[in-house]
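**Student:** Pasted the sequence and its predicted model underneath.
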Amino acid sequence: MSNVEDTTPTPGTPCWVNLMARNLEKAQGFYSEIMGWEFRRSTLDDDLTVALAHGERVAGIGCCREAGQPVIWTPYFAVRDADETAGRISERGATLAVGPLPLGNGRAGVAADRDGAVFGFWEGPITAWRVGHGNAPARLDLETRDAFDAAIFYAEVFGWAQPPSACTVDYAHDRVLVRSAGHTLATVHSRTPDRDPEGAARPRWVVDFRVGNPARTAAAAVAAGGDAAPVTSPLSASGSTFVIHDPEGAFFTVSGG
């Protein structure tokens, strides 16, 4: 169990990722097998569990209770005021799907941007995952219709590149890079069919997990009932990235350190 105390993360930065699965036990078995994660029950909700890598909290996995709810990985961004963020989302033509609602010691909401990509926001203390640490998410990638239009939307909602935000916005490798303290936290780029031909028409946030051996993780995913395929990513230090679907269809990537 992690000995890191909850703190209030820097506003505008990604602070958590969460998967809502239909079968919680099977999802835990799959991610334990391929990522080496252990699980414990969350204090926020009885239907939520926390994944641990080397004792550090790196992700949440919950159980879908509503019929038709998609099985997807959802990133959450830290905000100072959940109500203000909800207002910014609605004012810019996006969809506020849930909340903001009280959750534990904070407040959370879920929304879809103007092109339909789902994301969450969080107000309050949390043990944020650290970029590139162990099996924790290395970054988030937004595959969307128009990278620059999407980057403007999120910059206005989360205050990127606006004082006192710690996030800067740059452009490289044909994509927008959201950075803080020298780390790339998120990228925004126009979608390309080679990453997922069947889903290329659906803008979405993709969680990228950094692992020691992406090919081995991909092979383990196939053996555990998922599927995997290699893709090209200019942001992977080793040049090795795999797209993985878990047995329920949730989509994510793994990259080399």
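**Tutor:** The structure has been received and is ready for your questions.
**Student:** Flag the shaky bits of the stretch 51-200 of the chain, pLDDT-wise.
**Tutor:** 67, 128, 130-135, 164-165, 192-200 (pLDDT under 70).
**Student:** residue boundaries of the strands in it?
**Tutor:** Counting by DSSP state E, counting those that start in this stretch, the stretch 51-200 of the chain has strands at residues 56-63, 73-78, 95-103, 106-112, 118-123, 137-144, 168-172, 175-180, 183-190.
**Student:** can you list those strands in JSON lines and add mean neighbour count and distance to A155?
**Tutor:** The C-beta positions use only the backbone N, C-alpha and C, and glycine is treated the same way. Output for the strands of the stretch 51-200 of the chain, formatted as JSON lines (neighbours: other C-beta atoms under 10 Å; distance: least, C-beta to C-beta, whole Å):
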{"stretch": "strand 56-63", "mean neighbour count": "21", "distance to A155": "26"}
{"stretch": "strand 73-78", "mean neighbour count": "22", "distance to A155": "12"}
{"stretch": "strand 95-103", "mean neighbour count": "14", "distance to A155": "18"}
{"stretch": "strand 106-112", "mean neighbour count": "20", "distance to A155": "15"}
{"stretch": "strand 118-123", "mean neighbour count": "23", "distance to A155": "14"}
{"stretch": "strand 137-144", "mean neighbour count": "25", "distance to A155": "12"}
{"stretch": "strand 168-172", "mean neighbour count": "13", "distance to A155": "6"}
{"stretch": "strand 175-180", "mean neighbour count": "21", "distance to A155": "9"}
{"stretch": "strand 183-190", "mean neighbour count": "21", "distance to A155": "10"}
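**Student:** Would you mind saying which of those lies nearest G12?
**Tutor:** strand 73-78 (6.6 Å; C-beta to C-beta).
**Student:** Does anything pack onto that closest one? Which helices or strands?
**Tutor:** strand 14-21, strand 118-123, strand 204-211 (3 or more C-beta pairs under 8 Å, 6 or more residues apart in numbering; DSSP states H and E).
**Student:** which residues are contacting it?
**Tutor:** 8-20, 108, 110, 118-123, 126, 128, 140, 158, 186, 205-207, 250-252 (C-beta atoms under 8 Å, 6 or more residues apart in numbering).
**Student:** Apply 7 Å and report the result again.
**Tutor:** 9-19, 110, 118-122, 140, 158, 205, 207, 250, 252 (C-beta atoms under 7 Å, 6 or more residues apart in numbering).
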